[in-house]
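Engineer: this one's structure only:
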């Protein structure tokens, strides 16, 4: 039976742009350990599905074609390093659009579940903010919060099954959880 993991993009896989958005491939910077984490998932037969709000499209800062171009480069780079992204689900809407697919609402998670048939209770969502945590909670996904050490008690931590420093740590947690082993202790 295939295994899945849901991942937010900005702040989990790539560095967030402070007070802005990634609107070009030149701005996309993988976070330390992210490519290795994605490779490790592929090596352990996990399908990584990215679930990401991309309001920059709705705000007119990036076209859907531009977002697709960034995605094509991103996926190619992941594959070059031995990883695999099964699929990307984006919400291009602004917060004020009150779209059902925009996290913290669970629309994209439900769409992914319908497309792939995974069990929410057996599928982790890894994210870096309260919107991710709430979306996971609404569908019953266990949630892992990626949070820098200085923000370990930030929004979303109360809904998290685990809090860690980066995607690599989160992947180790998921793999240990699948084997029934104790999770890594250092977040």
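Structural biologist: Perfect, I can see it now. Nothing here was measured: the structure is a model prediction, and the numbers come from that model.
Engineer: buried set for stretch 63-73?
Structural biologist: 67, 70, 71 (16 or more other C-beta atoms under 10 Å). Placement of C-beta: from N, CA and C, glycine included.
Engineer: Find the least confident helix or strand in the chain, judged by mean pLDDT.
Structural biologist: Across the helices and strands of the chain, mean pLDDT, DSSP states H and E gives its lowest value to strand 162-164, namely a mean of 92.
Engineer: partners of residue 46 in the sheet?
Structural biologist: Beta-bridge pairing for residue 46 (DSSP bridges): residue 3.
Engineer: That one and residue 159, how far apart?
Structural biologist: In this structure, residue 46 and residue 159 are 22 Å apart, going by C-beta to C-beta, to the nearest Å.
Engineer: Those two - which one has more neighbours?
Structural biologist: Neighbour count, other C-beta atoms under 10 Å: between residue 46 and residue 159, residue 46 has more, with 22 against 16.
Engineer: From residue 169, how far off is the more buried one?
Structural biologist: Between residue 46 and residue 169 the computed distance is 15 Å (C-beta to C-beta).
Engineer: Next: residue 139.
Structural biologist: For residue 139, the distance to residue 169 equals 23 Å [C-beta to C-beta].
Engineer: do the same with residue 76
Structural biologist: Going from residue 76 to residue 169 by C-beta to C-beta gives 25 Å.
Engineer: So those two - more neighbours on which side?
Structural biologist: Between residue 76 and residue 169, counted using other C-beta under 10 Å, residue 169 has the larger neighbour count: 21 against 11.
Engineer: list the helices and strands the helix ranked longest in the chain packs on?
Structural biologist: Identified as the longest helix of the chain according to DSSP state H is helix 64-80. Applying 3 or more C-beta pairs under 8 Å, 6 or more residues apart in numbering; DSSP states H and E, we find helix 64-80 packed against helix 34-43, helix 55-58, strand 85-91.
Engineer: Of the ones you listed, give the one that comes closest to residue 1.
Structural biologist: Residue 1 lies closest to strand 85-91 among these, at 14.7 Å (C-beta to C-beta).
Engineer: and the closest one, which strands flank it?
Structural biologist: Sheet partners by DSSP bridges: for strand 85-91, these are strand 46-53 (parallel).
Engineer: Mind listing residues that contact the partner strand?
Structural biologist: Residues outside strand 46-53 that contact it (C-beta atoms under 8 Å, 6 or more residues apart in numbering): 2-10, 13, 38, 41-42, 83-91, 102-103, 108-109, 112, 116, 125, 131, 135, 174.
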